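# No sequence on hand, only this structure:
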């Protein structure tokens with residue numbers, strides 16, 4: 001039986017702070033002060049909503065946030081409890097256990113990644129429930145054997161429906177291959193398109209793991225600089241005039257990696273025109289399409305009716321959890337046939353059980369609700385990160401507030417020693433990505449800072465530390 005909750009929360013509806021955040025902050029303060037000790041049970045969401053005279057969904061949102069940040073835990077059929085290991089305790093423990101062997105082996109307690117989602121928000125309870133349901137079926141034996149190398153037909157159908165309804169595309173299940181993450185999709189695309197002596201144009205700065213896949217297939221890279229509205233198409237045209245074996249261009253037009261800029265409509269249309277004229281394929285990596293905080297996301301280049309030569313790559317890993325490797329590749333039936341043949345060489349089929357489980361989450365609307373919830377959380381974190389930049393880095397950096405994605409691109413206003421800054425921060429237990437990781441044979445002065453997987457306290461600590469060196 002749940003203990004009565006010995007804490008009063010006073011909500012101020014006139015305060016410029018969402019009610020669910022007021023509830024979450026009050027519970028955190030009660031935990032920090034010792035009023036709520038580890039292992040204490042909280043009342044159910046209905047009871048708490050009645051006590052506070054708010055909508056139950058408001059309470060659920062607050063509890064979900066606290067569970068995502070590690071303050072609370074749930075135990076099936078028992079309820080919600082204050083966690084045994086609290087975020088601050090874990091953080092202090094990590095710092096104390098840090099072992100310093102050398103500059104290249106320092107163990108950071110705070111990492112600015114390149115824009116990963118917060119895995120603590122992953123709908124693991126729903127996914128586990130879907131797994132159990134699969135194994136409880138009488139026909140469960142049917143998914144334990146070999147299946148199509150392109151992925152389960154029903155799962156491909158669900159992806160096709162999502163792309164057609166949400167991204168303005170017009171594709172069928174036969175034009176989709178399900179992969180173990182977007183990097184496999186990149187690898188398969190490369191080996192289906194390129195041979196030794198071919199060229200591929202790439203964004204600079206850009207995404208090096210994709211470059212590695214292209215080079216592994218025998219292609220040589222042609223870097224194209226990125227401007228404020230996307231690729232420099234004058235450079236693209238110059239390459240096309242001087243090279244006869246350019247087979248493709250690799251782009252991240254929605255939120256360019258790493259700079260986060262969105263390619264303008266004018267440039268999108270021009271790129272399609274050039275693709276049709278010269279016959280090269282547009283490899284479009286839409287790695288974080290779901291995370292958009294404006295009125296609506298920009299539709300993919302591959303959704304335009306006049307786009308004849310395209311390979312579209314997306315992922316569900318960032319939606320569910322990065323560790324669950326599910327990506328997809330979309331193209332013409334002819335290209336998908338080639339992709340399937342290469343797929344069978346390295347991986348006979350995908351993860352049937354995972355595809356079935358995620359399909360269940362899609363059909364039950366769980367993915368849709370999860371995205372709605374997480375986008376609100378990430379939007380709040382984005383706005384908070386912006387406020388930190390304005391507070392601690394004012395006049396030190398230039399940046400544009402991104403309309404989507406899970407990272408900022410900040411550029412120092414003065415010339416700095418980037419390797420030195422990265423090294424000094426690492427000595428403080430803070431890791432940021434060296435901009436050279438995005439560069440093709442030239443220097444890059446900006447920093448890509450992912451904010452979604454960090455707490456507000458961690459974000460502030462990191463920005464304050466960075467401000468000392470800019």
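Sure, I can see it. Remember, predicted model here, so these are calculated numbers, not experimental data.
# Tell me where the model's unsure across the protein.
1-7, 88-106, 137-147 (pLDDT under 70).
# mind giving me the domain ranges of it?
19-87, 98-116+369-467, 129-364 (automatic domain parsing).
# Pull up the distance across the longest one, start to finish.
If I follow you right, that is domain 129-364. Its first and final residues considered, domain 129-364 spans 12 Å by Cα to Cα, to the nearest Å.
# and what of the first one?
Taking Cα to Cα, the span from the opening residue of domain 19-87 to its closing residue is 22 Å.
# and it, how far from the chain's centre?
27 Å (Cα atoms, centre = their mean, to the nearest Å).
# Pick the most deeply packed of the domains of the chain.
Of the domains of the chain, the one with the most neighbours on average (mean count of other Cβ atoms under 10 Å) is domain 129-364, at a mean of 19. Bear in mind the C-beta positions are built from the backbone N, C-alpha and C, glycine included.
# Next, format the domains of the chain as TSV and append distance to residue 12.
Converted to TSV, the domains of the chain look like this (distance: least, Cβ to Cβ, whole Å):
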stretch	distance to residue 12
domain 19-87	7
domain 98-116+369-467	18
domain 129-364	26
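# Residue 409: what secondary structure?
Classification of residue 409 by DSSP: H, G, I helix; E, B strand; the rest coil places it in strand.
# Please look at it and residue 228 and confirm they touch.
No. Using Cβ atoms under 8 Å, residue 409 is not in contact with residue 228; the gap is 11.2 Å.
# Find the residues that touch each one of those two.
residue 261 (Cβ atoms under 8 Å, 6 or more residues apart in numbering).
# Nearest to residue 123 among the domains of the chain would be which one?
domain 98-116+369-467 (5.0 Å; Cβ to Cβ).
# Distance from the chain centre to the closest one, please.
15 Å.
# Would you list the strands that the strand of greatest length in the chain pairs with, along with their directions?
Longest strand of the chain, by residue count under DSSP state E: strand 220-227. Using DSSP bridges, the strands paired with strand 220-227 are strand 199-204 (parallel), strand 230-231 (antiparallel).
# between those strands, which one is nearest to residue 417?
Closest to residue 417 of those is strand 199-204 (Cβ to Cβ; 21.9 Å).
# What is the subsequent helix or strand relative to that closest one?
helix 208-216 (DSSP states H and E).
# same for that next one, what does it pack against?
helix 182-193, strand 199-204, strand 220-227, strand 246-251 (3 or more Cβ pairs under 8 Å, 6 or more residues apart in numbering; DSSP states H and E).
# please redo it, this time with the cut-off set to 6 Å
Here helix 208-216 touches helix 182-193, going by 3 or more Cβ pairs under 6 Å, 6 or more residues apart in numbering; DSSP states H and E.
# Can you give the contact residues for the helix it packs on?
Identification of contacts with helix 182-193 by Cβ atoms under 6 Å, 6 or more residues apart in numbering yields 179, 209-210, 213-214, 217, 247-248, 283, 311, 313, 315, 327, 329, 338-339, 342-343.
# same check, this time on stretch 444-461
69, 110, 112-118, 205, 258, 378, 381, 384-385, 388, 406-411, 433, 435, 438.
# Narrow the residues you listed to those in strands?
Under the assignment DSSP E, the contacts of stretch 444-461 contribute 110, 407, 408, 409, 410, 411 to strands.
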